[in-house]
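J.: could you look at this predicted model? Sequence included:
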Amino acid sequence: MSGAAHARPAMAARAREVAIQAKGFLKEAEGDKLFELALEASRLGPCLEIGSYCGKSGIFLGDACRIAGQNPLFSIDHHRGSAEQQPGQEYFDPNLYDCVENRMTTLADFWRNIGRAGLDSWIIPVAADSSIVSRYWRDTSLGLVFIDGGHGEFDVLSDYGCWANRVLSGGYLCFHDVYPDPARGGQAPYQMIQYARALPEWEYYGLFESLGVLRRR
Ligand code: MG
């Protein structure tokens, strides 16, 4: 049997192009890793991300869900920007600021990008605070959870506490912006993953650029 028989299905060219052009902070290699993980994990159960922003990571995950053909991606974001994206902060983007309502809004960009990527049926936007959604989320266990919402200690701990225990055995728990070197970025995601990987239920899977991945035993 030739090696090609085992080749991984590729992302749709159009979806990939939209993902790469979408605003966001995810590197291409990190997106490709999310795609690869979701291709496998979405067969176990739905995928869920916290921190949709403009849809970049969602398209990598969502296109994998579409190809696997079993379960969708739920993408949670209040779409008002995290603390570091507010006016005057490091990651503020004036083009995502609603000058009439005087607040950040990423929902229109997100919605447009997932439509352009052809993923309306595979990405389910949830426009709300992740902890509130979690309170009403009952029995559905998840194949993959990607935590990339607020990057402060409180938000990261809250998202871990609300969602990590929903990951199925064999499924993945991923964090974005994991920086072992404090000079390169905030430490909350790194500290969270250090804590979790010491627990018996998680196996350390790897760090890909700044994408930290654990696998549930
Ligand atoms: Mg991020």
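T.: Received, thanks. Residues are numbered from 1 along each chain as shown.
J.: nearest spatial neighbour of the residue of the chain found nearest the ion, chain-adjacent residues omitted?
T.: Residue of the chain nearest the ion, by CB to the ion: H176 (3.7 Å). The C-beta positions use only the backbone N, C-alpha and C, and glycine is treated the same way. Spatial nearest neighbour of H176, chain neighbours left out: D148 (3.8 Å); criterion: CB to CB, 6 or more residues apart in numbering.
J.: what does G24 give?
T.: Going by CB to CB, 6+ apart, G24 has K56 as its nearest residue, at 3.3 Å.
J.: does the ion sit close to stretch 203-215?
T.: No. Applying CB under 5 Å from the ion, one finds stretch 203-215 separated from the ion by no less than 7.7 Å.
J.: if we can go back for a sec, measure the residue nearest to G24 to K23 for me?
T.: To K23, K56 is 7 Å away according to CB to CB, to the nearest Å.
J.: any idea where the strands of the protein begin and end?
T.: Using DSSP state E, the strands of the chain run over residues 47-50, 73-76, 97-98, 103-104, 123-126, 142-147, 167-175, 202-208, 211-216.
J.: tally of neighbours for A117?
T.: Neighbour count of A117, defined by other CB atoms under 10 Å: 26.
J.: near the ion, which residues of the protein?
T.: By the rule CB under 5 Å from the ion, the part of the chain lying against the ion is 25, 148, 176-177.
J.: who touches the residue nearest to S158 when sequence neighbours are not counted in this structure?
T.: Spatially, and ignoring its direct neighbours in sequence, S158 is nearest to S131 (5.4 Å; CB to CB, 6+ apart). Counting by CB atoms under 8 Å, 6 or more residues apart in numbering, S131 touches 158-159, 162.
J.: just the ones of those residues in helices?
T.: Counting by DSSP state H, the contacts of S131 place 158-159, 162 in helices.
J.: which among those count as buried?
T.: Taking 16 or more other CB atoms under 10 Å as the criterion, what is buried in the ones in helices among the contacts of S131 is 158-159, 162.
J.: that older thread, neighbour-wise, which of the residues of the chain next to the ion leads?
T.: Neighbour counts for these (other CB under 10 Å) peak at D148, which has 27 neighbours.
J.: can you read off the pLDDT for that one?
T.: Listed pLDDT for D148 reads 97.
J.: from now on call the first residue 428
T.: With 428 as the first residue, the last one maps to D575.
J.: any idea how far Y480 is from it?
T.: 8 Å.
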